[in-house]
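Chemist: Sequence below, structure please.
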Amino acid sequence: MVKFVYAFSALAALIGAANAHTRVYGVYVNDVFQGDGRSTYIRSPPSNSPVKDVSSPDIVCNVANTPAPSSVTAAAGDKITFEWYHDNRGDDIIDLSHKGPITVYIAPAASQGAGNVWTKIAESGLSGGKWAVETLVANGGKHDVTLPLALATGDYLLRAEIIALHESDTDYTVNPARGAQFYPSCSQLKVTGSGTVTPAGTFSFVGGYTPTDPGILFNLYGGATSYQIPGPTVWDGKTGGSVPAPSSALTLSTTRAVTTAPPATSAPIATSVAAPGRTSSAAPPAAPSATKPASSTPGTVAKYHQCGGNMHTSGTDCVAGTKCTFLNEYYSQCL
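Modeler: Take a look at the predicted model:
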């Protein structure tokens, strides 16, 4: 009888885990819903399954990373709210067993998210014994972040990520059936306003995340009272980097305001900001012009650098131990 109860409990846990996956449905700007963002302004993956291999390009913007036809428009300093869902909008969001942190990063859209282009602008982990995922579920799947007030105008990728730690006590590379589960989601964002500071963009998820990072290889059930969130520190919103080269393919037009009324919320709707809107794009973002990295062997491309894609004219031969991996028609990378 004891064995039967144990087996039943284990089976129930497995069923719950199998049906607990999540992704982003849409975003709000200052509490105004911008409409169903799936494959509209979100680079939506084909399913809600997690990414587990941190060396895979999928760790950046999830599977496919296909440019969406439009972008959400918001001013620097605006509040952005991500709405997560499981299978249907407003359902159980994600199983509460999937405790873990939530982070938000930003990168120039022209980069396609490849390489050292990401800057962390927000993070939430374990605080007062409560995980960020628990707060997310309590808030009906909504998670807020404020765009830095000094953020320069331009086109960006805004990447929200949940890391589920219920099986992270085991290294994925040792046992692929277990390991931390990553749920990255990239939304296309057009920032307006008077900001002039461009994020430095020094982090790459491929190579920046490793299977043995303290926040990735972590025993959720070990009674920990603190947790080290993976990735770099949160940007101070003031220190900038170089401005990325503009791309004619990133010219956006046909701005239209979204008038969908926001659902009931405990937070008051901001009224002192410009009305947000959606911006359509006539063409998907183009890859940035690549700079050929220095290498001890002429003609080779260093690890994590661009080796192919539309209009790519630099080297295509990757350094020993790596291969040119196709990410999309605009960008291939040595991995």
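
Chemist: For the residue nearest in space to the middle of the chain, report the pLDDT, please.
Modeler: Nearest residue to the geometric centre of the chain (C-alpha atoms, centre = their mean): Arg159, 2.8 Å. The pLDDT attached to Arg159 in the predicted structure is 99.

Chemist: Can I take it that it is in a helix?
Modeler: No: according to DSSP: H, G, I helix; E, B strand; the rest coil, the state of Arg159 is strand, so it is not within a helix.

Chemist: Return the residues in contact with it.
Modeler: Taking C-beta atoms under 8 Å, 6 or more residues apart in numbering as the contact definition, Arg159 lies against Val60, Cys61, Val104, Tyr105, Ile106, Ala107, Gly113, Trp118, Pro184, Ser185, Cys186, Ser187. Where C-beta positions appear, they are placed from N, C-alpha and C, glycine not excepted.

Chemist: any chance you could map the helices in the chain?
Modeler: 2-18, 58-61, 132-138, 205-208 (DSSP state H).

Chemist: of all the contacts of Arg159, which comes closest to Gly240?
Modeler: When these are compared for distance to Gly240, the smallest value, 12.5 Å, is given by Ile106; criterion: C-beta to C-beta.

Chemist: Bridging across strands, which residues link to that closest one?
Modeler: Counting by DSSP bridges, Ile106 forms beta bridges with Thr119, Leu158.

Chemist: That one contacts Pro199, doesn't it?
Modeler: Yes: using C-beta atoms under 8 Å, Ile106 makes contact with Pro199 at a distance of 5.9 Å.

Chemist: so what sits against both of those two?
Modeler: Between them, Ile106 and Pro199 share the neighbouring residues Thr119, Ile121, Leu151, with contact defined by C-beta under 8 Å, 6+ apart.

Chemist: and of the residues you listed, the nearest to Asp95?
Modeler: Each of the shared contacts of Ile106 and Pro199 was checked against Asp95 using C-beta to C-beta; the closest is Ile121, at 27.1 Å.

Chemist: For the closest one, report the pLDDT, please.
Modeler: Predicted confidence (pLDDT) for Ile121: 98.

Chemist: List the contacts of it.
Modeler: Counting by C-beta under 8 Å, 6+ apart, Ile121 makes contact with Val104, Tyr105, Ile106, Val145, Leu147, Pro148, Pro199, Val234, Trp235, Gly237.

Chemist: per-residue pLDDT, the residue nearest to Trp84 when sequence neighbours are not counted?
Modeler: Excluding its sequence neighbours, the residue lying closest to Trp84 (C-beta to C-beta, 6 or more residues apart in numbering) is Gly141, at 4.4 Å. pLDDT recorded at Gly141 is 98.
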